[in-house]
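> Give me a model of this one.
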Amino acid sequence: MSGLNAAATTSLLHGQVTARLRAESPEIELSGPFGAVLGAALDWATAPGAMDARWVRMFRSLGALAVADGLSGDSLRRVFQVAAEVAGRPVIAARIAEVATVCAAGYTAARDPGEESMVMRRRRLFHLVMANEPDEELAREVNWPMPRTAIGIALARLGTEPLGELGPNVLAGEWEGRTCLIVRAGDPVLKSFPHRCPGWRAAIGIPAPLAEVSGSLAVAVRALDLVERYPALRRPVIDCMAESVNLLLFTDGYLLEQLIDRRLAPLADLMPKQRERMLATLHEWLSRPGRGQAEEAAKRLGVHVQTFRYRVRKLQEMFGSQFSEPHGRLDLELATRAALLRTSHYRN
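Numbering: from 1, shown residues only. Just a heads-up that it's a prediction; the model follows:
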């Protein structure tokens, strides 16, 4: 989104939210401090970037301002409901929901400092950790043992089931428009997640020091975005470490198509079924080179060993020097893997 388009989107959102609230909820005062901070919240919701500690403090203050203005909890919830409805776009609506969560914690704390719920406090801690400003005292209060090495997990809802109970060691919150978790590296929940939370897809990020867990979570969020575009990558649980090459391949769709078109050009004139067979043979040959592999490769492909050897000879004729050039061979292996993944025929 260009700067001009982003500004126009924000201005339109401000205007429509203000108009609806004044018409439907006149008790909400929008011309004072509450309205000013709400405007900043809408600015944040329409722009990229994580919610750092500064934003957390601001959005908590929005809740306190609502208390000062005498707003009920229902009125405050109505503000964010209207904003999400006006936004329309799921990404912006999800970011508005992040603001609403932090604002609600500030509202509860301002109304009755002893009544902020455990869920709200854990979500507040989540945002502080993501901003690399973890509060050790708050972590002790909510019984979350801060790990040295952590993993970020991004979630996507596949059905209607709520998120299952994950235990006190898992910190949950909203980030980049997704439900996300922070968990200690090696925690048993990483293996038991599919059983605990059916109806959800999880992308497990790369282990990282707690101070860098936002990077781990960014990898997981990108993985879910890629999975939505490329069905061959879809699994209930995506281990970003194990799938790192495949995820890298699909990060830039345009460059990937150029690589496939350039390196696999000798197969372009084949019929679709024939091209598919030759791609599968090429992948077997490139990934498991050496004598004595033909029998195993033929079994994996379900063909006679002589058929496999015939196809290999044809491929050698078609691709020529690409096999003897290190960079050419690597490009060819990546292009072959990507082409098979794109058509859901890749064998891990």
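> drop to CA atoms for contacts and neighbour counts, all remaining ones
OK.
> show me where the stretch 51-200 of the chain has strands.
Secondary structure of the stretch 51-200 of the chain, counting by DSSP state E, counting those that start in this stretch: strands at 149-157, 171-175, 178-184, 200-204.
> how far does stretch 146-161 stretch from start to finish?
29 Å (CA to CA, to the nearest Å).
> quick one on the thing from earlier: output the strands of the stretch 51-200 of the chain as CSV; include the columns mean neighbour count.
Converted to CSV, the strands of the stretch 51-200 of the chain look like this (neighbours: other CA atoms under 10 Å):
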stretch, mean neighbour count
strand 149-157, 24
strand 171-175, 23
strand 178-184, 23
strand 200-204, 24
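> Tell me which of the ones you listed approaches residue 49 most closely.
Closest approach to residue 49 among these (CA to CA): strand 171-175, 9.5 Å.
> what residue of the chain is the furthest out?
For the chain, the largest distance from the centre (CA atoms, centre = their mean) belongs to residue 306, which lies 45.3 Å off.
> sec struct for that residue, please.
Following DSSP: H, G, I helix; E, B strand; the rest coil, residue 306 is assigned to helix.
> now it: how far from residue 198?
Relative to residue 198, and taking CA to CA, residue 306 is found at 46 Å.
> among the strands of the stretch 51-200 of the chain, which is nearest residue 74?
strand 171-175 (21.4 Å).
> Who does that closest one pair with, and is each partner parallel or antiparallel?
strand 178-184 (antiparallel) (DSSP bridges).
> Alpha carbons of the strand it pairs with, as PDB, please.
Output in PDB follows, covering the C-alpha atoms of strand 178-184 (Å, rounded to 0.1, in the frame of the first residue of the first chain):
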ATOM      1  CA  ARG A 178      -3.300 -13.700  13.800                       C
ATOM      2  CA  THR A 179      -3.700 -15.600  17.100                       C
ATOM      3  CA  CYS A 180      -0.100 -16.300  18.100                       C
ATOM      4  CA  LEU A 181       1.700 -18.200  20.900                       C
ATOM      5  CA  ILE A 182       5.100 -17.900  22.600                       C
ATOM      6  CA  VAL A 183       6.400 -21.100  24.100                       C
ATOM      7  CA  ARG A 184       9.700 -22.400  25.400                       C
END
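> what's the angle from that strand to strand 149-157?
Strand 178-184 and strand 149-157 meet at an angle of 150 degrees, taking axes from the mean of the first three to the mean of the last three CA atoms, to 10 degrees as the criterion.
> tell me the mean pLDDT for stretch 66-75?
Mean per-residue pLDDT for stretch 66-75: 89.
> CA atoms only: put that stretch into PDB for me.
Output of stretch 66-75 as PDB, limited to C-alpha atoms (Å, rounded to 0.1, in the frame of the first residue of the first chain):
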ATOM      1  CA  ALA A  66     -13.000   5.600  28.600                       C
ATOM      2  CA  VAL A  67     -13.400   5.200  32.400                       C
ATOM      3  CA  ALA A  68     -12.700   8.900  32.900                       C
ATOM      4  CA  ASP A  69     -15.400   9.700  30.300                       C
ATOM      5  CA  GLY A  70     -17.900   7.400  32.200                       C
ATOM      6  CA  LEU A  71     -18.200   5.000  29.300                       C
ATOM      7  CA  SER A  72     -19.700   1.600  30.000                       C
ATOM      8  CA  GLY A  73     -17.900  -1.600  29.000                       C
ATOM      9  CA  ASP A  74     -20.600  -2.200  26.400                       C
ATOM     10  CA  SER A  75     -20.100   1.300  24.900                       C
END
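> residues touching the most centrally placed residue in the chain, list them.
A centroid search over the chain (CA atoms, centre = their mean) returns residue 221, at 1.4 Å, as the residue closest to the centre. Going by CA atoms under 8 Å, 6 or more residues apart in numbering, residue 221 touches 153-154, 176, 178, 203.
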